[in-house]
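Participant: turn this into a model:
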Amino acid sequence: CLATLVIMLVGDTYTLINYVSFINYLCYGVTIIGLIVLRWRKPKIFRPIKVNLLIPITYLAFWAFLLVFSLYSEPVVCGVGLVIIFTGVPVFFLGVYWRNKPKSVNRLIESLTCWGQKLCFVVYPQGGVAEEE
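Facilitator: Here you go, the predicted structure:
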């Protein structure tokens, strides 16, 4: 998010759209790969919608072509898109992977979460009984 804000302040909107488009298509392809892997490794789990595997495999063929073409034609844009994705790796390790955080770090994360929920008008339901006003 911070990298996107910096790009918006420094660059033009067209460049930002190119970065985000590359990231979106990369994520779509990885999602389809995950679908195929789950169909292969866990074939008996419940799926509300089940499609023929020819459809995601065909999609992946076109996806790979477009991704390779994008990397060839605009390597700088794709590289910046990858850098934007990799800025989330430290956030993952600090927020999710690191399980035994000090209480001060947990309080900071909770206050940032509360601030973000108020800013975006989003509140997750609490596990307990609803409070009455």
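Participant: how far away is the most centrally placed residue in the chain from residue 113?
Facilitator: Relative to the mean C-alpha position of the chain, the nearest C-alpha, by Cα atoms, centre = their mean, is the one of residue 27, at 7.0 Å. Residue 27 sits at a distance of 23 Å from residue 113 (criterion: Cβ to Cβ, to the nearest Å). No exception for glycine: its C-beta is placed from N, CA and C like everyone else's.
Participant: I'd like to know how far residue 108 sits from residue 121.
Facilitator: With Cβ to Cβ as the criterion, residue 108 and residue 121 are 22 Å apart.
Participant: of those two, which one has the most company?
Facilitator: Comparing residue 108 with residue 121 by neighbour count (other Cβ atoms under 10 Å), the higher total belongs to residue 108, at 12 against 6.
Participant: model confidence over the helix or strand containing that one, on average?
Facilitator: Using DSSP states H and E, residue 108 sits in helix 103-120. Average pLDDT, helix 103-120: 88.
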